[in-house]
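Novice: I need the structure of the sequence given here:
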Amino acid sequence: MSRKRVHVSLVVFPECDPSIIYGVFDTLWAAGRLWNSIKGLPGEPLFEPRLVSAEPGPLELVTGVSIIPQDTIAEVTHTDIVFVPNVMVETAESLRALDRRLLEWIRRMHACGAQLYAACGGSLVLAEAGLLDGQQATTHWSYVPLFRRQYPNVALYADRILVQTGPGHSMICSGGASSWQDLTLLLIAKYGGTEEAIRISKLFLYQWHRDGQLPYASMIANVDHRDGVILRCQTWLAQNYERPDIVAELVRRSGLPKRTFDRRFRAATGYSPLAYVQALRIEEAKQLLETSSAPVEAVGREVGYEDSASFRRLFRRLAGMAPGDYRRKFHVPSLVERAESERGPKPLRRDEDVPVQSAPGTTNTGSAF
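Specialist: Down below sits the predicted model:
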């Protein structure tokens, strides 16, 4: 006797990008079906994925691609799963512009027993709907500053790929963009077993992001504030962060008492001065590891750390893995490097008439911290 398929409603906002929508839809469609088909065996689909929107008819998404949802929220009075894809938002105003009808429908479905799965920026949707207050969540690392400003009552774990929260773990969030694969595999494992999840991962070449988001995250330096003194310090620091005794130099340049400087710097940037410097240095180290073959010790010295052990410890803490592991994971493949070299030198842009040094040199002589 065939089992009842799990009804999954993929809710579509105009702010969604299509890649996650179609990726989730195709993966769930394949679960229970595609592996057996390849093996010449009868299959039994596990899920019934459906695209749901506020209104009928074609919907143009943020990337300009049009999509035709299959159902409207007025037609769906019950569903097993609500899957919220990424929404591309950048400001508090864009969050407030999310369709209130869809937010209310998500709340209603959850109240009726539907589990909520949110991928990437989809957790912002759940937060805007008021469903994450007092709960835990994760989101794409680039949304973290916006998320924390707008939803201070949510415990945000920016380094995690998956976070289960709510009564009975009825809400599950995933982090960065491709972590929708982890979220979908989790859904498949729950309803079809781990063996089927492994099969699907093999078919689609999905990989579990076991290292979390830290290796993928880049520092987002907040310059959208009105503190001119701190902004001048940030501008200077961007070109001089490898210098020794850098925090003391920043305080001197600010002309402020140290306690006042520390307080204003944290208020403006969200970082302490020391943490800001460390984050800048590790970001530069990441770039060097990705694009050069310099030894790890040389990379550490390049960004201001003479003590290799200290550099390695800090890198592991901020990037989530050792420098050597990071290089193996992110270093550009030789095939890509050859393709880049075959293009020849890049044409000079108008704003590149005068060369500008964008990375620190190798003349530093000591470690500040």
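Novice: quick one: the strands in the chain?
Specialist: Under the criterion DSSP state E, strands of the chain are mapped to 6-11, 47-53, 59-60, 66-67, 71-72, 81-84, 115-118, 136-137, 155-156, 162-165, 171-174.
Novice: Would you tell me which of these gets closest to Phe315?
Specialist: strand 155-156 (23.1 Å; Cβ to Cβ). Glycine gets a C-beta too; all of them are placed from N, C-alpha and C.
Novice: tell me what that closest one is packed against?
Specialist: strand 136-137, helix 144-150 (3 or more Cβ pairs under 8 Å, 6 or more residues apart in numbering; DSSP states H and E).
Novice: Please identify the pairing partners of it and their relative orientation?
Specialist: strand 136-137 (parallel) (DSSP bridges).
Novice: neighbouring contacts of the partner strand?
Specialist: Strand 136-137 has contacts (Cβ atoms under 8 Å, 6 or more residues apart in numbering) with 123, 126-127, 147, 154-157, 163, 165, 173.
Novice: quick revisit: now render the strands of the chain as JSON lines, adding mean neighbour count, mean pLDDT and distance to Asn36.
Specialist: Supplementary listing: the strands of the chain in JSON lines, determined by neighbours: other Cβ atoms under 10 Å; pLDDT from 0 to 100; distance: least, Cβ to Cβ, whole Å:
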{"stretch": "strand 6-11", "mean neighbour count": "24", "mean pLDDT": "97", "distance to Asn36": "17"}
{"stretch": "strand 47-53", "mean neighbour count": "21", "mean pLDDT": "97", "distance to Asn36": "15"}
{"stretch": "strand 59-60", "mean neighbour count": "14", "mean pLDDT": "95", "distance to Asn36": "33"}
{"stretch": "strand 66-67", "mean neighbour count": "14", "mean pLDDT": "94", "distance to Asn36": "29"}
{"stretch": "strand 71-72", "mean neighbour count": "16", "mean pLDDT": "96", "distance to Asn36": "28"}
{"stretch": "strand 81-84", "mean neighbour count": "27", "mean pLDDT": "97", "distance to Asn36": "22"}
{"stretch": "strand 115-118", "mean neighbour count": "26", "mean pLDDT": "96", "distance to Asn36": "25"}
{"stretch": "strand 136-137", "mean neighbour count": "21", "mean pLDDT": "94", "distance to Asn36": "36"}
{"stretch": "strand 155-156", "mean neighbour count": "18", "mean pLDDT": "94", "distance to Asn36": "40"}
{"stretch": "strand 162-165", "mean neighbour count": "18", "mean pLDDT": "90", "distance to Asn36": "27"}
{"stretch": "strand 171-174", "mean neighbour count": "28", "mean pLDDT": "93", "distance to Asn36": "27"}
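Novice: okay if I get these as a markdown table plus distance to Trp208?
Specialist: What follows is the strands of the chain, written out as a markdown table (distance: least, Cβ to Cβ, whole Å):
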| stretch | distance to Trp208 |
| --- | --- |
| strand 6-11 | 21 |
| strand 47-53 | 20 |
| strand 59-60 | 32 |
| strand 66-67 | 28 |
| strand 71-72 | 31 |
| strand 81-84 | 19 |
| strand 115-118 | 16 |
| strand 136-137 | 20 |
| strand 155-156 | 22 |
| strand 162-165 | 9 |
| strand 171-174 | 11 |
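Novice: could you dump the helices and strands packed on strand 155-156 to a markdown table with distance to Ala114?
Specialist: Shown next, in a markdown table, are the helices and strands packed on strand 155-156 (distance: least, Cβ to Cβ, whole Å):
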| stretch | distance to Ala114 |
| --- | --- |
| strand 136-137 | 18 |
| helix 144-150 | 23 |
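Novice: so of these, which one's packed in deepest?
Specialist: strand 136-137 (a mean of 21; mean count of other Cβ atoms under 10 Å).
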